[in-house]
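Novice: please work out how this folds:
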Amino acid sequence: MSATSFYPTTTYTIESIKEEARQLIEKGILSRQQPIYTLCKYIPAREWVCVECELERGEYLLRDTISDLVAYESWEND
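Specialist: A predicted model of the protein is given here:
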């Protein structure tokens, strides 16, 4: 087994994390009121530490709601 197999295979950015959250919301798997740490169920455990670091860089707390993360979604006029 090579040393590289211990490192995450996916690079996570704030935008990719937001997109993942949006997709899970659209599928009805997550709700906007759940805490951000709920995303850990849907991201491989070995990659979660990278997600946490990226969220920290973006000044998000794991206890913040997912709506805080995806808050800038645009809404069409009624």
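
Novice: for Trp48, which non-adjacent residue is spatially closest?
Specialist: Excluding the flanking residues, the one nearest Trp48 by CB to CB, 6 or more residues apart in numbering is Cys40, at 5.1 Å. The way it works is simple: take the backbone N, C-alpha and C, and place the C-beta from them, glycine included.

Novice: hang on, isn't the one you found packed against Glu47?
Specialist: No - Cys40 lies out of contact with Glu47 (CB atoms under 8 Å); the separation is 9.8 Å.

Novice: where along the protein do the strands fall?
Specialist: Read by DSSP state E, the chain holds no strands at all.

Novice: and the spatially most central residue of the chain, what pLDDT?
Specialist: Nearest to the centroid of the C-alpha atoms of the chain, with distances taken as CA atoms, centre = their mean, sits Ile17, at 3.6 Å. Looking at Ile17, its pLDDT stands at 95.

Novice: wait, it touches Glu47, no?
Specialist: No - using CB under 8 Å as the test, Ile17 is too far from Glu47 to be in contact (10.9 Å).

Novice: hmm, back to that, distance of the residue nearest to Trp48 from Thr65?
Specialist: Using CB to CB, to the nearest Å, one gets 15 Å for the distance from Cys40 to Thr65.

Novice: contacts for stretch 24-39, please.
Specialist: 17, 20-21, 42, 51, 55, 60-70 (CB atoms under 8 Å, 6 or more residues apart in numbering).
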